[in-house]
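Undergrad: Let me see the structure of the following:
(one chain, ligands or ions: 1)
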Amino acid sequence: MTEEKKVGRRAFIGTVAGTIGGLVVGAAAGWVAKPAERIQLPGETVTRTVTEMRTVTATAPAPTKPMKIGVIGKSVHPYWSVVDKGSAKAGEELKKAGLDVTVSFWVPYKEDVPAQLKTMDSYIAEGYAGIAVAPSDPDAIIPIIRKALDARIPVITIDTDAPNSDRLAYLGTDNYMAGRAAGEAMLEALKKMGLAKPGGKIAMGTGSLTARNSLERMQGFRDVVEPAGYTVLEPVNDNEDAAKALELAAATLAANPDLIGAFGVYAYNGPAWARAVEEAGKVGKIAIVEFDATKENIEPIKAGIVYATVAQRQYFMGYYGAKLLALMNQWGWESALRFYIPRYPSNKIFDTGVDIVKKENLKAYYEEVVGRGEPVDWTPD
Ligand code: BGC
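TA: I've put the predicted structure just below:
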């Protein structure tokens, strides 16, 4: 394991513990998304706060030329609209501070590796000042990241990493640990729902068999539920096509009448399982754990169909991603990276953290998210 990964993991363990313990702990801290605080290692002093970052931004000298920052996501979904809002907010703040910055956001309709590469290539040709990308294929993206860097365009990854590329940093969830957290929630759900059974079958629905976030989540999940005696079926892949996800969930249910659990790896997978389970008249007979907290994820939790979700904080992937890229142009790459990424360059990961949300803590989570300034498209009641 590389030093970088170790740091990311250790940092994340702190996040998960703090999060489960509460939504309570977070609320006391006020703003949970302080990067310096979040990735703080034992014995390290926190010196930077969000307020300080804003102050520093405000005093940055005006750039000599207009800057375009491009954010590239993975598919059309409300999950990505939140990333868009985060990067747009960063753009607004930078503009207010006198920087001539335009932040654009782009996603393909569904998983589309060639379209991501093509878009990145066009940003390079247009002389963008920075690119944040969520690579659906971490290997296919390697040459184009190199091309951008050779053209002196800084590139970071968000949401899902490409650690074998030369990307300068990754801002997002520690997906392996988040997958483990999903596994723990599944074990709890099975117990509480009276479904725990040696050898019981659990299905997984995902939108990618190449993106690292998908692979790491599934590995983390397996690493928790398999040693507990459950059988995890091979994942069904819909390539980020929500309609296909529903079809696959229904087909998996039909083919496995003895299924006791389902893990929705991407944002729309949990809702797909929820609907399939409801339509099959199996509510209460199948434990569902999902990812993310858009309205379509929260409604089935309220209805008692989904047991828990691992809610990502994708707003901050967009927000800090856009800020970091713009400020790399202002202060020099190294200075901005050192400012935003703790222990850079030995660590290149900014762990945005997750919240574990269930029916019982939905209200507390809602208050937490609103308090952190993240956009919410649902209410807790
Ligand atoms: C993942 C994204 C994915 C999205 C799809 C999220 O959980 O982090 O990579 O594109 O779900 O809805």
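Undergrad: Please identify the helix or strand for M204.
TA: Here M204, judged by DSSP states H and E, is contained in strand 201-206.
Undergrad: what do you get for G194?
TA: G194 belongs to no helix or strand, assigned by DSSP H and E.
Undergrad: Name the residues of the stretch 201-350 of the chain found near the ligand, please.
TA: With C-beta under 6 Å from any ligand atom as the criterion, the stretch 201-350 of the chain meets the ligand at residues G207, N213, E240, Y266, A267, Y268, F291, D292. In short, each C-beta sits where N, CA and C put it, glycine included.
Undergrad: Local confidence estimate at the last one?
TA: Spelled out, it's D292. If you check D292, the pLDDT there is 98.
Undergrad: On the three-state scheme, the closest residue to it other than its chain neighbours is what?
TA: Distances taken as C-beta to C-beta, 6 or more residues apart in numbering place A267 nearest to D292, at 4.0 Å, with adjacent residues excluded. With DSSP: H, G, I helix; E, B strand; the rest coil as the basis, A267 sits in coil.
Undergrad: can you check the one 3 residues further on too?
TA: Applying three-state DSSP to G270 yields a three-state assignment of helix.
Undergrad: closest point of the chain to the ligand, which residue?
TA: Here the chain gets closest to the ligand at one residue, A267, 3.3 Å apart by C-beta to the nearest ligand atom.
Undergrad: That residue reaches V82, doesn't it?
TA: No: the pair A267 / V82 is not scored as a contact, 9.9 Å apart, by C-beta atoms under 8 Å.
Undergrad: Residues that sit against both of those two, list them.
TA: T294 (C-beta atoms under 8 Å, 6 or more residues apart in numbering).
Undergrad: For G321, which non-adjacent residue is closest in space?
TA: Closest to G321 by C-beta to C-beta, 6+ apart is A132, at 4.0 Å.
Undergrad: What of V103?
TA: Among residues not flanking V103 along the chain, G91 sits closest, at 3.5 Å (C-beta to C-beta, 6+ apart).
Undergrad: How many neighbouring residues does the one you found have?
TA: G91 has 24 neighbours, counted by other C-beta atoms under 10 Å.
Undergrad: again with F105
TA: F105: 21 surrounding residues under other C-beta under 10 Å.
Undergrad: again with G229
TA: G229: 12 neighbours (other C-beta under 10 Å).
Undergrad: For it, pull up the helix or strand it's in.
TA: According to DSSP H and E, G229 maps onto no helix or strand at all.
Undergrad: Would you mind measuring from it to A196?
TA: For G229, the distance to A196 (C-beta to C-beta, to the nearest Å) stands at 9 Å.
Undergrad: who touches both of these two?
TA: Common neighbours of G229 and A196 (C-beta under 8 Å, 6+ apart) do not exist.
Undergrad: ok so, going back, wait, a strand at the residue nearest to V103?
TA: No: counting by three-state DSSP, G91 is located in no strand; its state is helix.
Undergrad: Contact partners for it?
TA: Contacts of G91 by C-beta under 8 Å, 6+ apart are I69, V101, T102, V103, A322, A326.
Undergrad: 10 Å instead?
TA: Contacts of G91 were listed using C-beta atoms under 10 Å, 6 or more residues apart in numbering, and they are 67, 69, 71, 99, 101-105, 318-319, 322-323, 326.
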